[in-house]
Structure formats: C-alpha cells, structure tokens
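Enquirer: let's see this in three dimensions:
(one chain, ligands or ions: 2)
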Amino acid sequence: MSVEQAIEKILDAAPVIEQYESIDILDALNRVLAEDLSSTIDVPGYDNSAMDGYAVRSEDCQVPGAVLPVSQRIPAGTVGETLQPATAARIFTGAPVPEGADAVVMQEMCEAQGDTVTVNTVVKAGSNVRRAGEDIKNGSVVLTAGKKLRAQELGLLASVGLAEFKVKRKLKVATFFTGDEIIAPGQPLKAGQIYNSNRYTLRGLLQSMNCEIVDLGIVPDTLEDTVKVLKEAAAAADLVITSGGVSVGEEDYVRIALQQLGELSMWRIAMKPGKPVAFGKVDGALFMGLPGNPVSVFVTFLLFARSLILKMQGCDDVLAKRVSVMADFDWPAVKRQEYLRVQLVEKDGRVAAQLYPHQGSGVLSSASWADGLVEVQMNKAITAGNVVPFLAFQGMI
Ligand code: AMP
Ligand code: MG
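Expert: Ligands and ions are numbered 1, 2, ... in the order given. Reported below is the predicted structural model:
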C-alpha cells in the first residue's frame, strides 16, 4: 500500500468527534471551532484615520500649500464635530474621521503654525482613511466550523467582540509502549535494556496537537498483558496509539491482540522509515500501531496519526503541506517511498535541503537535527540540484 492510499483509507475510516463545548476565548488556542461564527458589527466600525495628521476635505487641498485653520482636535476614542469647509481637524491614528472630511493628510506633509496648518501636498479623496467594514462586514461569516484556532483567529474573533463560542471537545488518545527491553528514563540501564524514548516523542506530539492523553505506560511482551491494556485503552479513549509490536515477529503481540479483540485494517506500507503501521478498531475506539523504531514513530505519526487526529478533531485542514526545495545531495532509487531528514540552508540564493548523514530508523538525532523531511518517490533517484517535495516540521507540530 502506498503512503497516499494509506492516508486515504485512514481518513475514510476516521469518525469526527460530535460533542462540543462552550469555551472562553482565553482558553481557545488550538481548539477546533464547532460552529460558524458571524460578525454583528462592521470592522472597522467607522471610517477612521490610518495616520497621525489632519483630516481635511480633499477639495480644499487641490494645490500644495493650502493654509487651513485647525478647528478641532480628535484623538482616538473621541468623536469630532462636522468639519466645516476650508478647515482642518488635528486627528490621530484610529480616531473617527469627522463628517464632512474625506481624507487625512499625514503630519509629515503638513506644517503647523499656531492655529493654522499648511498642507504641502495635493490631497486625494479617501487617502489615509480606513473605511468602515473594509475588514469585516456586519453579518458576514468570520470563521467556519472546522477551523483550528491559532493566535490570529483568536485576534480576529476578538475584533468582532466574540468572547465565547463552541469548540469540539478534546480528543482522548490512549497510549502504551510494548517491549521487555524498554525502561523509563531516570533509572539505571541493565544489560540489553534501552530507554523508552517513544513515550516522550509521542506524548510531545499529542500534547502539541492538544489531545487529552491517557498514558498506560510500558506493557510486558506477553499476549495476556497486551490484550488487557488494549481493552483498557480502548475503553478510555477515542483513539489508541502505540509504538512497537506490530511487525511479524513472534514477540509482536499488539497485532495479535488487535486481531483478537477488534479488527485490523491494514499494516504494511511501502515507505521508509516505518513500514509496519497497524490500523484498526477495538470496541468504540480507533487503533493506530506505529512501528517501534524511534524515527519511524516520529515520521509515521506526522504522516498518518497527525492527519487522523486532525480529522477526528473536526479540523478542516488535515493533510500535510509540501513545498518545493532543491536537493543538495544524491540519493539512490529504492522500492519504497522514503522520508529523509534534512536541514534547509541557503545556497546560491535558493533554499537547499542538506541530508543528515545517518538516516537509520533508530537514529533519533536525525529528527532532532532536521527541519523536516524530503519525500523521495518510489523508484526515483535524486541528483543534487533536483527539485524535491519537503515537509516542514514547523507547522506540523
Ligand atoms: P518492535 O516493533 O517492537 O520490534 O521494535 C522495533 C525497534 O524499536 C526495536 O529496536 C525496539 O527496541 C525499538 N523500540 C520499541 N519500542 C521502543 C520505545 N518505546 N522506545 C525506544 N525504542 C523502542
Ligand atoms: Mg518489540
């Protein structure tokens, strides 16, 4: 199965959370909107000055050097009087442009002398005036359901006065980690043991995606223990994500437990790193079993689990975005789609991808060093200078 086919199947099978909750805008960062939100005001609410300067009637300033009496002063937060012909109003950024005025001249173009101002430029109607409703019209939809709320969306909602709205409830994701060789960091290593790095990679990824985590810890490599924890995980969460134990080895009990308790939809993907990815269902929960190798966990999470989680969260933008960069390395053709850890550098005025020298699926340093992944199509070699698709970690996590 190709990566693209796998993503399609995963997204097809993923249910969207239906439950929602009301949330205060202060707590809404990274939540997914569960309703369309419309504005009940124009933004800006009134024509206002884009500059510190003088509000005038453009017809009074058709030649440079017009001398006008300054009839009033309008700071932001106050409302001026109607501007009489052949006069000017001192005005500040954000203040309402008074009736009668149709332009603002920036103060750098003016010379004040006592109660008059000389306007040293020709003034065009509408200049330096921010029009009522030019950003948002009263009654228009500001954001639609499915939008993930970033800082700029929060600002946008605040600009129309919304302080509370409906978002999807948080997705609950249960995890556990298989392998008799893995132990928690902080403990001394015995012969044959390794630290459970996947737990921290996965927790970090889930936290960055705003999931509620049910962490069931390390599970011994027996079928009995695996079945027990899988049941517990499925009961507690919308989605179960694990690492390890999903290939064909005799000690790979996650796959067997899943086949016993639920259904396993697919589990071999033509990619590197990360070939064995399990996907299925247990009770009411979806299941995704990521490979055990630390880099494979990271890469398969970004490619599969991330889109799955976004879909379940109700997000309308679930697919990873690729941009084109120039490869600064050669790479041989292989029979699987590969994801190489690269860093972006500038080379001859272009963005070039440099390769981490060790691309092994156990070399976690590569993921930490890299800015993202270059995607190498199946059976296609790369020659330095080729344009290749790049997936940035920034923006994905
Ligand atoms: P498995 O899929 O269980 O055969 O594991 C594949 C490789 O990943 C083995 O080298 C494991 O030791 C390693 N591995 C599995 N789980 C973890 C983990 N939680 N943290 C770090 N490495 C792991
Ligand atoms: Mg194992």
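Enquirer: how about the strands in the stretch 51-200 of the chain?
Expert: Under the criterion DSSP state E, counting those that start in this stretch, strands of the stretch 51-200 of the chain are mapped to 53-56, 66-74, 88-91, 103-106, 110-113, 116-119, 129-130, 141-143, 164-168, 172-178, 182-183, 194-195.
Enquirer: report all helices and strands that the last one contacts.
Expert: Spelled out, it's strand 194-195. strand 182-183 (3 or more CB pairs under 8 Å, 6 or more residues apart in numbering; DSSP states H and E). Every residue, glycine included, has its C-beta placed from N, CA and C.
Enquirer: for residue 381, grab phi and psi.
Expert: Here is the backbone geometry of residue 381 (degrees, to the nearest 10): phi -80, psi 160.
Enquirer: wait, it sits on residue 329?
Expert: No - at 11.2 Å, residue 381 and residue 329 do not qualify as touching, with contact defined as CB atoms under 8 Å.
Enquirer: more neighbours: which of those two?
Expert: Neighbour comparison, residue 381 and residue 329: the larger count goes to residue 329, with 18 against 12 (by other CB atoms under 10 Å).
Enquirer: so where's the longest helix in the chain?
Expert: Scanning the chain for the helix with the most residues, using DSSP state H, yields helix 223-236.
Enquirer: ok so, going back, ligand 2 is nearest to which of the strands of the stretch 51-200 of the chain?
Expert: Ligand 2 lies closest to strand 172-178 among the strands of the stretch 51-200 of the chain, at 5.4 Å (CB to the ion).
Enquirer: mind listing what the closest one pairs with, with the direction of each?
Expert: For strand 172-178, the pairing partners within the sheet under DSSP bridges are strand 212-219 (parallel), strand 239-243 (parallel).
Enquirer: and the chain, what are its domains?
Expert: With automatic domain parsing as the criterion, the domains of the chain are listed as 3-15+170-313, 20-43+137-168, 48-130, 323-392.
Enquirer: and among those domains, the most buried is which?
Expert: Ranked by mean neighbour count, the domains of the chain are led by domain 3-15+170-313 with a mean of 19 (mean count of other CB atoms under 10 Å).
Enquirer: tell me the average confidence for that domain?
Expert: When pLDDT is averaged over domain 3-15+170-313, the result is 93.
Enquirer: run the chain-centre distance for it.
Expert: 23 Å (CA atoms, centre = their mean, to the nearest Å).
Enquirer: the longest helix of the chain near ligand 2 at all?
Expert: No - judged by CB under 5 Å from the ion, helix 223-236 makes no contact with ligand 2; its nearest approach is 10.7 Å.
Enquirer: sorry, back to before: mind putting the strands paired with strand 172-178 into TSV with distance to residue 360?
Expert: Shown next, in TSV, are the strands paired with strand 172-178 (distance: least, CB to CB, whole Å):
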stretch	distance to residue 360
strand 212-219	23
strand 239-243	17
